[in-house]
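Asker: curious how this folds, go ahead:
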Amino acid sequence: MSDPRRLIVGMSGASGVIFGVRALERLRETGIETHLVMTQAAKLTLAHETSLKVADVEALASVVHRADDIGASISSGSFATLGMLVAPCSIRSLSELATGVTAGLLSRAADVALKERRRVVLMVRETPLHAGHLKSMLAVTEMGAIVAPPLPAFYGRPETIDDLIDHSVGRALDLFGLDVGGIHRWQGTRAAPGGGRLTSS
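Answerer: Numbering: from 1, shown residues only. Below is the predicted model of the structure:
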């Protein structure tokens, strides 16, 4: 099967909704067909964390699916995709995927991607973590998903929050073989910013 150049983007209700928004923006610039599914909790988080409207976010996607539409194209393995990015990924969505008890289209689509052995990247947003969270992360990892919390990288000396967001989103999309820019890539200690060596202490 040829590369479908199609990616599912799920946005759950965890804090960090901007990661999903930025992913849609970058994917749109690269011409990747995006299929968006936003939970109701994600829409509430969007209102609390940004000045964007749901319609603004949906306009960034190629196709929008209702979170309760279990009959959507992305609920079937015969619908070819590169996989699915969940950004941000709540503990609830992580737990549904870990147990296989999918309550809506977001976790159903991720479960389908896993059974088809496609890449699933979960930008989990929670801290601190208790044993149940860690067990769920282990379970989805054993199933083939990649748990990729949006942790900041400081070796590139970010100057703005946007720098941190772009790096985290860029690294997540790297996992699908998609280079969308925005990443300060490590070149070794000899190429450290300012010409100096980076050291640990």
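Asker: what's the pLDDT at residue 191?
Answerer: In this model, residue 191 is scored at 64, pLDDT.
Asker: tally of neighbours for residue 159?
Answerer: Look at residue 159: counted by other CB atoms under 10 Å, it has 8 neighbours. Backbone N, C-alpha and C define where each C-beta goes, glycine included.
Asker: where does pLDDT dip in the chain?
Answerer: Across the chain, residues meeting the criterion (pLDDT under 70) sit at 1-3, 191-201.
Asker: please enumerate the helices of it.
Answerer: All helices of the chain, identified by DSSP state H, fall at 17-30, 40-49, 54-58, 91-99, 105-115, 131-143, 161-174.
Asker: in a markdown table: those, plus mean neighbour count.
Answerer: As requested, those are arranged in a markdown table below (neighbours: other CB atoms under 10 Å):
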| stretch | mean neighbour count |
| --- | --- |
| helix 17-30 | 21 |
| helix 40-49 | 16 |
| helix 54-58 | 14 |
| helix 91-99 | 21 |
| helix 105-115 | 24 |
| helix 131-143 | 14 |
| helix 161-174 | 20 |
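Asker: nearest to residue 78, out of the ones you listed?
Answerer: With CB to CB as the criterion, residue 78 lies closest to helix 105-115 of the helices of the chain, at 9.6 Å.
Asker: show me what the closest one is packed up against.
Answerer: In terms of contacts (3 or more CB pairs under 8 Å, 6 or more residues apart in numbering; DSSP states H and E), helix 105-115 is packed against strand 6-11, strand 33-38, strand 83-89, helix 91-99, strand 119-124.
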